[in-house]
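J.: dropping a prediction and its sequence here:
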Amino acid sequence: MSYRGHRDITLGQLLTQLAGEQPDREALVYAGGPRFTFAQLEREARTIARGLMAAGVERGERVVLWATNVPEWVVLQFALAKIGAILVTANTSLRSKDIDYLLRQSEAATLITIRGFRDLDYLATLAEIGAPFDSAQGAIPGLRRLVLVGSDPPAGYMAYESLRARAAAVSDAELDARSASVAVDDVINMQYTSGTTGFPKGVMLTSRNIVNNGHALGAGLGYTPDDRLCLCVPLFHCFGCVIGVLGAYTHGATLCVVETFDPRRVLEMIHHERCTALYGVPTMFIAELECPGFKRYDLTSLRTGVMAGALCPEPLMRRVMTEMHLPEITIVYGMTESSPGITLTPRDASVARRSATVGVVLPELEVRIVDPATGVERPRGTCGELCCRGYNVMKGYYNNREATRAAIDEDGWLHTGDEASIDDEGFVRITGRIKDLIIRGGENIAPKEIEDRLREHAAVSDAYVYGIPDAFFGEAVAAAVRLRPDCRATSEQLIAWCADTLARFKVPKHVRFVSEFPMTASGKIQKFKLREDHQRELAPR
């Protein structure tokens, strides 16, 4: 079945069009929870939109949403877009200083939240920073409304459910008039970069940015209204709310959402809902493959999906394709600033292409490789900084012109900070972050080759390589390694394994074993944390 999908419309219009075209098709499914058709989801989004208007939420107002993948998240994504408010997404693992910074920097007037996540008590955290009263010492200036998704809101909080009653004060005509004032190039979403270096920056995204990018990625995945996506990545990041929600909805597909990642719940969702697509970062796919009772689940309905956040080692790619019945699994490369997709591997690409490259450039986008020092374009096949230009490039960083100028040059090219090359067939190979290069005795070392060698060892589940200070060479090669369950290996064995095939200067001097890797919201490994932890372990006591 061919499906052209939707693009060049506002986010609010997207749901309205879907409700008109396929009102009775399932749009949103939660295991043991609510199920919405597109018509029901549109009615729910309109009700909440009218309630938000009645509560005083203005066009262009920043509204922070701090919650897991609850059903209200998707409703609010569309409700806020319909009234022209800007959805500001918040990582579910933020601590008090982080949420304080985000609320202040975004100049948010409204915060919508849940009670907490895992061991984090959001209400207690917000009390620490003085929310919601402007007059309290240390409180958040301009934060006027706190909304709680859940029962029994404390003093100073509005119940999310109360928005339904408030909606009666705003007519459908008033909502339609507000929606009509929202343009496709208006900012309707802000996402904060992970802050792996420096303070997080608010990436301003428009409907054209994210609807069109979702459409391009959904087309690459071959989505139609018959597809059902198991979405277990966080909605607060582009992977969830763009590649996930908009990749599916621009093509009329169904979302089957897992509230928080748990490999067993993911497998159950696929099994019971007959999902055809699955998303995740490599560590998620590893957890699913290693889940006790994995073979009990019927995954034969799966065909495609996205692995993002990090390159997929070839052995893992083969296991995902065969054991998880995902022959058309793809790799997406991009960043929040590019809405996020820049490249996608074709669904029929070879395993080598899908594990060693990040695919080809998406339609309508331009990519070039430049010298990171001079900005001069480099010949095809040589490495340099990957730059992108097109509809997907953010409007800029909120209240940060200097950082915006550093990221987007005068000709509109977004500088990614990633080192890459493009081969004669147009496949892009990412060789690392420019700042992640290890310089050992004057030799430039890209970590990926060493990581690939370590992952080939039978005992290794995953590995990441970085440089640590060395008195003689300037930097020494170090690795953090996670072993497979019930497997054993020593650091000496892994160093010898690398020495068998790698040049001497590339062989790790230090190997450290870890049970997990520190990651950003998008699943990218925070090598600076691995480096810091390793240095602390090696420091004289």
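T.: Thanks, I have it.
J.: when you work out contacts or count neighbours from here on, use the C-alpha atoms and nothing else.
T.: Noted.
J.: doesn't H271 belong to a strand?
T.: No: applying DSSP: H, G, I helix; E, B strand; the rest coil, one finds H271 to be helix, outside a strand.
J.: phi, psi for the nearest residue to it once chain neighbours are set aside please.
T.: With Cα to Cα, 6 or more residues apart in numbering as the criterion, H271 has its nearest non-adjacent residue at 5.2 Å, and that residue is D298. Geometry field for D298 lists phi and psi as phi -90, psi 110, criterion degrees, to the nearest 10.
J.: tell me the pLDDT at D298?
T.: pLDDT recorded at D298 is 98.
J.: looking at it, it is touching M269, isn't it?
T.: No: with contact defined as Cα atoms under 8 Å, D298 does not reach M269; the gap is 10.2 Å.
J.: for the nearest residue to R484 once chain neighbours are set aside, what are its contacts?
T.: What sits nearest to R484 in space, not counting adjacent residues and going by Cα to Cα, 6+ apart, is S461, at 4.7 Å. By Cα atoms under 8 Å, 6 or more residues apart in numbering, S461 lies in contact with 286, 455, 481-484.
J.: ok, those residues vs A503, which is closest?
T.: Using Cα to Cα, the shortest approach to A503 within those belongs to R455, at 17.0 Å.
J.: outline the domain layout of the chain.
T.: Per automatic domain parsing, the structural domains of the chain span 38-200, 208-360, 366-389+403-435, 437-538.
J.: ok, back up a step: so between D298 and M269, which is more surrounded?
T.: More crowded of D298 and M269, by other Cα atoms under 10 Å: M269, with 24 against 16.
J.: pLDDT below threshold where in the chain?
T.: 1-2, 132-138, 194-198, 309-311, 441-442, 444, 521-523 (pLDDT under 70).
J.: quick one on the thing from earlier: for the residue nearest to R484, helix, strand, or coil?
T.: strand.
J.: can you check the one 5 residues further on too?
T.: State at Y466, reduced to three classes by three-state DSSP: strand.
J.: which SS class is the residue lying closest to it once chain neighbours are set aside?
T.: Nearest non-adjacent residue to Y466, counting by Cα to Cα, 6+ apart: A478, 5.5 Å away. Per three-state DSSP, the local secondary structure of A478 is strand.
J.: right, and A478 touches I468 too?
T.: Yes: the pair A478 and I468 passes the contact test of Cα under 8 Å, sitting 6.6 Å apart.
J.: got CSV for the domains of the chain, with distance to Y397 too?
T.: CSV is the format used below for these (distance: least, Cα to Cα, whole Å):
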stretch, distance to Y397
domain 38-200, 9
domain 208-360, 9
domain 366-389+403-435, 6
domain 437-538, 18
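J.: among these, which comes closest to A31?
T.: Proximity to A31 (Cα to Cα) singles out domain 208-360 among those, at 6.8 Å.
J.: okay, now the closest one: how far is its last residue from its first?
T.: Terminal residues of domain 208-360 lie 21 Å apart, using Cα to Cα, to the nearest Å.
J.: and stretch 370-386, by the same measure?
T.: First-to-last distance for stretch 370-386 - Cα to Cα - comes to 7 Å.
J.: go through that stretch and flag the buried ones.
T.: 370, 372, 378, 381, 383-386 (16 or more other Cα atoms under 10 Å).
J.: same deal with stretch 139-152?
T.: Neighbour-count burial for stretch 139-152 flags 139-141, 143-149 (criterion: 16+ other Cα under 10 Å).
J.: repeat for stretch 505-515
T.: Those would be 506-508, 510-512, for stretch 505-515 by 16+ other Cα under 10 Å.
J.: can you check which helix is longest in the protein?
T.: Longest helix in the chain by number of residues, with DSSP state H as the criterion: helix 38-54.
J.: quick check: next helix or strand after that helix?
T.: Under the assignment DSSP states H and E, the closest C-terminal helix or strand after helix 38-54 is strand 62-66.
J.: mind checking how far the spatially closest residue to E288 that is not a sequence neighbour is from I270?
T.: Leaving out its chain neighbours, the residue that sits closest to E288 by Cα to Cα, 6+ apart is P263, at 4.8 Å. P263 sits 11 Å away from I270, going by Cα to Cα.
J.: Y160 too?
T.: Applying Cα to Cα, the value for Y160 to I270 is 30 Å.
J.: these two: which is more packed in?
T.: I270 (24 against 21).
J.: and the strands in the stretch 101-250 of the chain, which stretches?
T.: Secondary structure of the stretch 101-250 of the chain (DSSP state E, counting those that start in this stretch): strands at 110-113, 116-117, 120-121, 145-148, 158-159, 187-192, 202-206, 228-231.
J.: out of the ones you listed, deepest packed?
T.: Among the strands of the stretch 101-250 of the chain, strand 228-231 has the highest mean neighbour count (mean count of other Cα atoms under 10 Å), at a mean of 29.
J.: what distance separates that one from the middle of the whole chain?
T.: Taking Cα atoms, centre = their mean, to the nearest Å, one finds the center of strand 228-231 at 15 Å from the center of the full chain.
J.: can you list the residues that contact the following helix or strand past it?
T.: Going down the chain from strand 228-231, the next helix or strand is helix 238, by DSSP H and E. Applying Cα under 8 Å, 6+ apart, the contact partners of helix 238 are 191, 244, 336, 339-340, 522.
J.: which among these count as buried?
T.: Counted by 16+ other Cα under 10 Å, the contacts of helix 238 give 191, 244, 336, 339-340, 522 as buried.
J.: looking at those, which is nearest L437?
T.: Ranked by distance to L437 (Cα to Cα), the buried ones among the contacts of helix 238 are led by S522 at 21.2 Å.
J.: residue boundaries of the helices in the stretch 351-500 of the chain?
T.: For the stretch 351-500 of the chain, the helices defined by DSSP state H, counting those that start in this stretch occupy 351-356, 401-407, 447-455, 491-499.
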